[in-house]
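Peer 1: dropping a prediction and its sequence here:
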Amino acid sequence: MDTGPIFAQESIAIDPSWRSFELLGQLAALGPEVVKRSLEMIENGENSHAQEGVSSSAPKITKAEAKIDFKHHSTQISNAIRAFTYEPGAWTLLKGEPFKICSVKASDAVVGSPGALLVLDKSVFVGTGSGALELLRVIPSGKKEMDAIDWARGARLTGGEIFG
């Protein structure tokens, strides 16, 4: 928690498709200019201003917090996947093995119960507590990151598979 004085700050619009590491890249590109402005303000004897609002702590994210609960709303799950990719990695279980989900998008597909998988044409869907998500990129246990449809073809899903 940092509650010290503020010399300069910047805001950016967060693209809804960005995952945590993509946001970090944007902030890293923006950071040097903000630090430069701050140092110039200090050098010129300009005053800082106090932090606005209530301070809060930001404890380290645990692996348990990154476990996906498919009973939640699809938007909440999508945001969690974006936030936890790549570290610690949004994950669930499939057939008792850990399974990471790296990228999803909202879908109108009717899948069924939360966590249920459905493969249609060239897409893989999972049911949630409200709507469905299309799986785009996944990391199955013991494998590297891959397109979800490639995983589904190789996994030879038979139907009825459920995450969780």
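Peer 2: Received the coordinates, thanks. Numbers count the residues shown, from 1 in each chain.

Peer 1: Pro32 belongs to a helix?
Peer 2: Yes: counting by DSSP: H, G, I helix; E, B strand; the rest coil, Pro32 is located in a helix.

Peer 1: neighbours of it, how many?
Peer 2: Residues lying near Pro32 (other Cβ atoms under 10 Å) number 9. (C-beta placed from N, C-alpha, C; glycine too.)

Peer 1: domain map for the protein?
Peer 2: Listed domain ranges for the chain are 1-58, 64-155 (source: automatic domain parsing).

Peer 1: now Glu161. Nearest residue, chain neighbours left out?
Peer 2: Leu117 (4.5 Å; Cβ to Cβ, 6 or more residues apart in numbering).

Peer 1: circling back: and the domains of the chain, which one is worst for confidence?
Peer 2: The minimum mean pLDDT among those belongs to domain 1-58 (a mean of 87).

Peer 1: circling back to that earlier point, ok, the residue nearest to Glu161 - contacts?
Peer 2: 111, 124-126, 152, 157, 161-163 (Cβ atoms under 8 Å, 6 or more residues apart in numbering).

Peer 1: tell me which of the residues you listed fall in strands.
Peer 2: With strands taken from DSSP state E, the overlap with the contacts of Leu117 comprises 124-126.

Peer 1: by neighbour count, which of the residues you listed wins?
Peer 2: Val126 (28 neighbours).

Peer 1: any idea how far it lies from Phe163?
Peer 2: 6 Å (Cβ to Cβ, to the nearest Å).

Peer 1: swap in Lys36?
Peer 2: 46 Å.

Peer 1: neighbour-wise, which of those two wins?
Peer 2: Neighbour totals were compared for Lys36 and Phe163, and Phe163 leads with 20 against 11 (other Cβ under 10 Å).

Peer 1: surely the more buried one is in contact with Trp91?
Peer 2: No: between Phe163 and Trp91 there is no contact under Cβ atoms under 8 Å: 9.6 Å.

Peer 1: give the residues shared as contacts by the two.
Peer 2: What both Phe163 and Trp91 touch, as defined by Cβ under 8 Å, 6+ apart, is the set 68, 99.
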